[in-house]
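Novice: Here is the input, now give the coordinates:
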Amino acid sequence: MARPIDCDFDVSVQNVALDTLFLIVIQAAVAIALGKFIHLSLRRHNLPSAISQLLAGIIVGSLDLHDVIVHVDVQNAEDTFGRYVSEARIFYMFYVGLEADLAALRNDVRRCTIATYASVATCLLIAAFVSGGMYGSMMHTPVRSPEVLAAVLMLTLANTASVDVARMADEMGIAATASGRLAVATAVGTNVICIVGEGVFSCMKLASGRTPAYSASGRLGVGLLALLKVGAAAALLGPAVAFMNRRNAGRHRVGNWELVLLLVAVSFIGNFPQSAGFDGMPVSLLLGLAFPREGPAARGVAEALAYPLHALAMPFYFAAMGMRLNFSAMSGAILVPAVLLTLLGLIGKCVGTMAAARFLKMPLADALRLGVLLNIKGHVNMIDMSFASSEGIWAEQALMAMVVGSMISTIIAGPVFAAVFRTEKEAYACSGQALEHMASPEEEELRMLACVHGARGTPGMLSLVELLASEPRAQPTVHVLHFYGVARRQAGPRLYHRRVQDSEHKRMGSRHDAATQVNCAVDVFASATGLAIRQVDAGDRGAATNAKAVRRWTEDVRAGLLLVPYHKDQHYDGRMVCRRDDRRQLNLEVLARAPCTAAILADRPFRRSGTTFQLPTKMSTSMEAAGSQGDETVTTRVAAVFLGGPDDREAVAIACRLAKNESVRLTVIRFVLRGAQHGRAAATSSADDATGGEVSVVVNNDDATGGGGGGDPDEECMAAFRRAYVAKERAAYAEKAVTGPMDVVEALRGMAGAYALLVAGRGGRQPEELVVGLEGWAECAKVGPVGEILASDGSLEMGSVLVVQQKAPPPFHPDLPPPAT
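Specialist: Numbers count the residues shown, from 1 in each chain. As a prediction, this is how the structure comes out:
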């Protein structure tokens with residue numbers, strides 16, 4: 001017989017649900033606002049906002065707002081906020097996976113694996129050793145074996161809150177640094193290991209607290225079924241997103257209904273393990289890593305999640321941790337175990353990272369800081385503690401002790417993050433960022449930031465980026481900073497036909513929008529080359545503001561090479577035309593403020609013959625003078641002009657990175673005074689006049705095996721180039737004999753039609769006998785006399801020009817090693 005419906009009971013349940021929702025909204029709003037207020041005083045000390053939000057949650061939790069608003073007793077804050085905290089973790093870890101730099105992670109796999117296993121192993125050993133002494137104080141009654149407590153304590157000490165570490169590292173701007181990547185990747189790996197261990201442990205016993213209807217074997221079957229569902233969903237994710245990208249081709253983002261569908265799918269799939277009683281963090285991270293990076297779908301999802309997560313979800317996530325604290329239950333019996341467990345976690349993590357540092361040759365100070373960051377527990381410990389309490393493993397008193405310990409570990413990590421931020425900032429500012437001083441391209445990654453002003457110059461810039469990244473799988477994410485025109489409000493009312501045109505334009509979509517056109521070029525190059533390219537749009541607000549934005553983004557991504565476009569564009573007849581004078585001033589300020597090597601690209605899309613930088617290498621069909629080299633794979637001939645000085649040496653270093661690409665044939669042309677050719681080279685042609693003074697050089701055995709320039713940096717640079725490239729037939733070297741600056745000008749202009757790209761130094765520190773008087777030939781001295789002569793040439797045969805400026809030597813810093821020379 002069916003039970004009759006009690007209308008009064010249903011109304012009361014609805015009222016309680018509404019009051020609980022109202023309580024959550026009020027507490028979240030108060031905590032977020034109070035956290036922002038507290039952070040006003042803490043941010044001057046470079047502390048992450050998570051500390052302020054945690055303190056705000058403690059304050060809000062002590063107000064006992066539920067006694068005023070909710071008509072029922074709230075026994076546990078985790079029961080009230082658990083669902084919302086879980087959703088925040090799912091979406092944020094999906095966002096972390098979506099924004100992850102996969103190539104940089106692959107480069108750090110070895111370091112992260114060693115640090116992860118070392119820190120986990122030491123914590124497991126310490127937990128197993130001390131669990132016997134903690135047995136009496138943490139158990140309800142002696143009905144469980146000490147081995148059960150040891151297993152749970154192992155997971156508790158070894159675990160790391162990957163969400164907390166990733167959020168703080170991203171906010172502090174250290175996620176792109178080596179230390180930040182190591183901390184985030186190690187935290188994620190540790191968290192995944194502990195989640196797997198917790199799942200295995202829970203399947204070994206009757207998990208009555210989470211799934212009372214399932215036995216151990218039934219729980220294992222439910223877990224395997226959830227894993228099968230996740231695998232099927234991940235397999236279908238790629239084709240579904242590809243279909244949405246094709247359907248929205250030419251648009252900046254997908255439609256609203258498709259966006260909602262994607263977000264609901266992420267939540268639904270991420271909750272598969274949650275419904276079976278397991279943690280869904282690895283699933284959401286896997287979805288983010290498997291999500292296709294290019295196309296309108298990825299842009300739409302990233303933009304839709306960025307602000308809500310950073311401004312609402314994550315502040316509430318940290319505040320909810322503080323709301324769990326119950327001041328009325330505080331006593332020495334809680335504080336002492338909390339401090340003890342925090343110290344045990346610190347000792348285990350620090351000992352493990354120090355052992356890994358010894359193997360990885362990492363400074364001990366960095367290892368200690370990494371150990372403190374890996375000791376952040378956050379909500380992951382609360383999940384473990386709730387399970388342990390429901391299974392009768394821990395007493396409620398021990399549960400509160402773990403809550404306090406999690407807060408202590410998070411607060412301690414704040415100053416450590418500030419120290420890492422200051423260390424990385426000083427290291428980037430004071431380290432030698434010159435490519436000349438870097439290791440070989442196979443050993444050291446090159447992070448790049450490319451600036452564009454519109455779709456016209458984007459293909460040329462991305463083609464250069466493709467050539468510089470000889471191995472796409474090992475190339476970190478390339479950031480493209482796009483400055484779009486900021487629309488100005490009209491002074492008077494618009495006419496009716498203009499209003500109609502504007503509305504029609506909105507309905508047509510954003511195909512003709514400047515940012516969308518750049519999106520299309522980025523998507524094409526990302527799909528064709530396999531590079532990870534991330535576009536950042538910024539309003540064009542003047543030279544001074546744009547220069548500050550360029551420097552800020554260069555420091556944020558820790559770029560080693562900054563690429564900016566030339567202020568002149570090529571006209572269809574070959575002339576270089578300056579369309580906006582403020583870009584000239586922007587380039588001057590960028591070169592003056594650049595914290596790394598900077599290069600200005602003068603692109604020539606209307607070059608009459610040979611290769612132009614408009615298509616990816618795999619899609620380019622032009623073959624430029626490859627017959628003379630006897631290699632059909634060579635489609636791009638590059639020349640590096642060398643007169644002498646740091647900027648020219650940096651230009652040769654960039655040209656050498658270009659030579660790593662199989663489609664590039666490099667020739668370094670050195671200008672020397674006539675009669676000053678060095679005795680080490682033998683000329684293959686006896687008539688200098690017939691070749692315009694150009695002498696091909698045959699490398700002696702002395703040059704190929706050693707030798708140098710007797711302390712002269714220019715001679716050492718050329719000797720190293722001949723040993724590494726010319727002797728191995730990976731590039732060519734030639735010396736051009738000149739009698740003075742006029743011959744230099746004639747030789748530079750004579751290079752038209754021979755090379756698709758010419759790389760030259762900005763100058764300023766070149767031999768005076770070769771450049772004196774050349775300033776009169778240059779219209780603007782910002783790219784140097786040689787670069788200006790090449791970039792301003794009006795011939796349709798002249799190739800693109802890349803003018804390089806080496807970063808100025810850093811000031812001496814007592815705590816940092818001097819740059820390599």
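Novice: Below-threshold pLDDT in the stretch 151-300 of the chain: ranges please.
Specialist: The model of the stretch 151-300 of the chain has pLDDT under 70 over residues 204-217.
Novice: change it to 90
Specialist: 151-159, 161, 173, 175-179, 194-238, 245-246, 248-256, 269-282, 293-295 (pLDDT under 90).
Novice: now the strands for this protein?
Specialist: Along the chain, counting by DSSP state E, strands occupy 448-452, 478-485, 533-540, 561-565, 568-570, 576-578, 597-602, 636-642, 664-673, 682-683, 694-698, 731-738, 757-761, 800-805.
Novice: contact partners of the second one?
Specialist: Contacts to strand 478-485, defined as CB atoms under 8 Å, 6 or more residues apart in numbering, come from residues 448-454, 458, 461-462, 465, 469, 514-515, 518, 522, 531-540, 546, 549-550, 553, 557, 559. Placement of C-beta: from N, CA and C, glycine included.
Novice: Which members of those residues are classed as buried?
Specialist: Among the contacts of strand 478-485, the ones that count as buried by 16 or more other CB atoms under 10 Å are 448-454, 458, 461-462, 465, 469, 514, 518, 522, 531-535, 538, 540, 546, 549-550, 553, 557, 559.
Novice: Would you state the helices of the stretch 1-150 of the chain in chain order?
Specialist: 7-42, 49-62, 66-69, 77-99, 102-107, 109-130, 135-138, 146-158 (DSSP state H, counting those that start in this stretch).
Novice: tell me which residues in the fourth one are buried?
Specialist: Yep, that's helix 77-99 we're talking about. So for helix 77-99, counting by 16+ other CB under 10 Å, buried means 77-78, 80-82, 85-99.
Novice: and the angle for it with helix 49-62?
Specialist: Put simply, helix 77-99 runs at 160 degrees to helix 49-62, going by axes from the mean of the first three to the mean of the last three CA atoms, to 10 degrees.
Novice: Give me the helices and strands touching helix 77-99, please.
Specialist: helix 7-42, helix 162-172, helix 256-275, helix 281-290, helix 296-308, helix 314-323, helix 378-390 (3 or more CB pairs under 8 Å, 6 or more residues apart in numbering; DSSP states H and E).
Novice: quick one: it to chain centroid distance?
Specialist: 22 Å (CA atoms, centre = their mean, to the nearest Å).
Novice: Let me know the distance separating the closest residue to residue 32 other than its chain neighbours from residue 203.
Specialist: Leaving aside its sequence neighbours, residue 32 sits nearest to residue 315 (CB to CB, 6 or more residues apart in numbering; 4.6 Å). Counting by CB to CB, to the nearest Å, the gap from residue 315 to residue 203 is 35 Å.
Novice: So for these two, which sits in the more crowded spot?
Specialist: residue 315 (27 against 21; other CB atoms under 10 Å).
Novice: Could you measure from the more buried one over to residue 412?
Specialist: 20 Å.
Novice: With residue 737 instead?
Specialist: 67 Å.
Novice: Confirm for me that residue 186 is in contact with residue 115.
Specialist: Yes - taking contacts as CB atoms under 8 Å, residue 186 lies within contact range of residue 115: 4.7 Å.
Novice: Run through the residues that contact residue 513.
Specialist: Applying CB under 8 Å, 6+ apart, the residues contacting residue 513 are residue 252.
Novice: which residues does the residue nearest to residue 55 when sequence neighbours are not counted contact?
Specialist: The spatially closest residue to residue 55, leaving aside those adjacent along the chain, is residue 38, at 5.7 Å (CB to CB, 6+ apart). Neighbouring residues of residue 38 by CB under 8 Å, 6+ apart: 52, 55, 56.
Novice: nearest to residue 286, of those?
Specialist: Residue 286 lies nearest to residue 52 out of the contacts of residue 38, by CB to CB, at 31.4 Å.
Novice: okay, now that closest one: neighbour count?
Specialist: Count around residue 52 with other CB under 10 Å applied: 24.
Novice: Equivalent analysis for the one 3 residues further on, please.
Specialist: For residue 55, the number of neighbouring residues by other CB under 10 Å comes to 21.
Novice: Look at it and report its pLDDT.
Specialist: Here, the pLDDT recorded for residue 55 equals 92.
Novice: Wait, it touches residue 321, no?
Specialist: No - assessed by CB under 8 Å, residue 55 is found out of contact with residue 321, at 10.6 Å.
Novice: Would you mind stating the distance between residue 266 and residue 347?
Specialist: 38 Å.
Novice: where in the stretch 651-800 of the chain is pLDDT low?
Specialist: The low-confidence ranges in the stretch 651-800 of the chain, as defined by pLDDT under 90, are 657-665, 671-720, 724-725, 727-731, 735-757, 760-800.
Novice: could the strands of the chain go into a markdown table alongside distance to residue 435?
Specialist: Formatted as a markdown table, those follow (distance: least, CB to CB, whole Å):
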| stretch | distance to residue 435 |
| --- | --- |
| strand 448-452 | 11 |
| strand 478-485 | 16 |
| strand 533-540 | 21 |
| strand 561-565 | 7 |
| strand 568-570 | 25 |
| strand 576-578 | 27 |
| strand 597-602 | 6 |
| strand 636-642 | 13 |
| strand 664-673 | 15 |
| strand 682-683 | 30 |
| strand 694-698 | 23 |
| strand 731-738 | 16 |
| strand 757-761 | 12 |
| strand 800-805 | 9 |
